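>>> just to be clear, the model below is a prediction. Sequence and coordinates:
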Amino acid sequence: MKYSNKLSSLSLLLLLSLVMACKKDDGSRHPLSDDTTKPGVVTNVQVKNINGAAILTYTLPSSENLLYVMADFKINDTRSRQTKSSYYIDTILVDGFAKSQDYEVKLYSVSRADIMSDPVIVHVHPDTPWYQLIKRSTNIQPDFGGLNVVANNPARRAVSVSLVATDPDLNKLQIQNQHYGNEDSINYSVRGYESKPRQFGYFVTDQFGNVSDTSFVTVTPLFERLLDKSKFFKYPLPSDSQIGYGWELLYLWDNKTDGSSPGWHTTGGSIPIQCSFGFGETAKLSHFILWERPDGSVYGYGEPKSFTLWGSNADAPADAAMQLNAPQGTVIGDWTSLGTFRFPDPPSGLPPGSTNAADEAFVEAGVNFNVSINNPAIKFIRFTVNSTWGGVDYAHIMELSFYGN
């Protein structure tokens, strides 16, 4: 009898499954209601203008079948936008305007049957859009091998800063670099130029496609070179991490990055994991390239994730207890933090431990890290690892290359 009941239940589930499978989805969007009554309009509209946008508040109509309020408006000479707000609230944002000027906004009440009310026309006059304010704050200055771009973005708007320069072969302006982001302080460097005067143009684009005017500046990139690794030397300090497994500090500058020979590998201990060495000259750094271990260790084990670069210009810098994740400019004894850096996440977007061939190629190519031009000239480096991708208490690196003047 129990077997028969189970069979009946199974048969019923199969029948329901067949019925559901026979229903076809025609892909069309059906109204939520059959009530085709035109909804009432919003009233008592109030306008609050803000940067590149306006906030509209209003009194909702008493229509029982109201679903949302829609704003329809032009943001520039060619592009229109629509924004919507639920019937639960009495406020709607209209944004993306290209200029600080008068714009017309049409407000519609929309029913559950997709029936639109008559339009209510409102005029807004947004304040200066953020992309224009960011453009005004942009400052271009010489940097090692190129130029440094700095701008303020206090509202953390998603923008693109574009650099243009004349292509000598085509004799016309070409985009040299585009920087995307929504950080509150934009600060990045573009390298690869000779130390000769060159005119660059720059403009800012926002997420709505609005483009600022283009300003031009003549910049002479500062001379930079690869520091001579034949001059590098070990400078062991008492608190430096123990090295083992046949790897040596000297392998950090032997120009071998592919894993065919050892690099620097510690045996475990306290955090930060650290090593110290000298340049054999005084140099003001511009950037450095780090090659992590490629042979099956990508984004795992002792691969550095966060690390701090310390520098000293003393003739014989003394040992000191280094601070984890020290901000640039932190001074401890003879050592100054040149910045705390984080190795980029896997480009594939995959989690560490599940990386692919593209992530391995990214690591094998070496990763560039910019060093602030405001840092002092130095003779010695102390490299301290604050954390590793594998969360272990040892670290390994294949190679380091330093550039500067």
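The structure has been received and is ready for your questions.
>>> next, the buried residues of stretch 77-89.
By neighbour count on 16 or more other C-beta atoms under 10 Å, the buried set for stretch 77-89 is 81, 83, 85, 87. Every residue, glycine included, has its C-beta placed from N, CA and C.
>>> first-to-last residue distance for that stretch?
Start-to-end span of stretch 77-89 (C-alpha to C-alpha, to the nearest Å) is 30 Å.
>>> chain center to it: distance?
28 Å (C-alpha atoms, centre = their mean, to the nearest Å).
>>> that older thread, any chance of the buried residues of stretch 77-89 in JSON lines, with secondary structure, pLDDT and distance to Ile75 too?
JSON lines is the format used below for those (DSSP: H, G, I helix; E, B strand; the rest coil; pLDDT from 0 to 100; distance: C-beta to C-beta, whole Å):
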{"residue": "Arg81", "secondary structure": "strand", "pLDDT": "97", "distance to Ile75": "5"}
{"residue": "Thr83", "secondary structure": "strand", "pLDDT": "97", "distance to Ile75": "11"}
{"residue": "Ser85", "secondary structure": "strand", "pLDDT": "96", "distance to Ile75": "17"}
{"residue": "Tyr87", "secondary structure": "coil", "pLDDT": "92", "distance to Ile75": "25"}
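>>> what's the closest of the residues you listed to Gly269?
Nearest to Gly269 among those is Thr83, at 56.7 Å by C-beta to C-beta.
>>> report how many residues lie close to Lys196.
For Lys196, the count of nearby residues is 8 (other C-beta atoms under 10 Å).
>>> again with Thr59
When counting by other C-beta under 10 Å, one arrives at 12 neighbours for Thr59.
>>> next one: Gln46
Neighbours around Gln46, by other C-beta under 10 Å: 12.
>>> figure out the helix or strand that it lives in.
Assigned by DSSP states H and E, Gln46 belongs to strand 43-50.
>>> tell me which residues in the next helix-or-strand element following that strand are buried?
Following strand 43-50 in sequence order, the next helix or strand is strand 53-59 (DSSP H and E). Of all the residues in strand 53-59, those buried under the rule 16+ other C-beta under 10 Å are 53-54, 56, 58.
>>> who's in contact with stretch 270-278?
232-237, 239-241, 243, 249, 252-253, 264, 266, 302, 308, 317, 322, 324, 379-388, 393-395 (C-beta atoms under 8 Å, 6 or more residues apart in numbering).
>>> ok, of these, which come out buried?
232, 235, 239-241, 243, 249, 252-253, 264, 266, 302, 308, 317, 322, 379-388, 393-395.
>>> columns distance to Phe144 on top of the buried residues of stretch 77-89, output as JSON lines?
Formatted as JSON lines, these follow (distance: C-beta to C-beta, whole Å):
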{"residue": "Arg81", "distance to Phe144": "43"}
{"residue": "Thr83", "distance to Phe144": "45"}
{"residue": "Ser85", "distance to Phe144": "50"}
{"residue": "Tyr87", "distance to Phe144": "58"}
